[in-house]
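Colleague: Please work out how this folds:
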Amino acid sequence: MDESTETMTISNRSDFAQWAIERARAIVANQGGDFAVAARDPSDERIAETANALGQAIVDALLEVFDGLISGD
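Modeller: Have a look, this model is predicted:
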């Protein structure tokens, strides 16, 4: 992962919600350009590739939080 890693303490649901919103914005910003390109060439294969990349970014973000929770025990 090329992104810089920033540590955040999540102590309640509000903190988690804020993290999730910020993370979602970053993912959409990073992946959104690919969707714009796919929309210009709307082949099923290209759309599937961009959807898979977005899905993988979401999975990676969720695993990042899970790993943080496990290591925090």
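
Colleague: I'd guessed residue 27 sits against residue 62; true?
Modeller: No: contact criterion C-beta atoms under 8 Å: residue 27 and residue 62 do not qualify, at 10.8 Å. Heads up, the C-betas are built off the backbone N, CA and C, glycines and all.

Colleague: where does the chain have low pLDDT?
Modeller: 1-5, 42, 72-73 (pLDDT under 70).

Colleague: quick one: which of residue 27 and residue 62 has more around it?
Modeller: residue 27 (17 against 12; other C-beta atoms under 10 Å).

Colleague: measure the closest residue in space to residue 16 that isn't next to it in sequence to residue 52 for me?
Modeller: Nearest residue to residue 16, sequence neighbours excluded (C-beta to C-beta, 6 or more residues apart in numbering): residue 10, at 5.0 Å. Residue 10 sits 28 Å away from residue 52, going by C-beta to C-beta, to the nearest Å.
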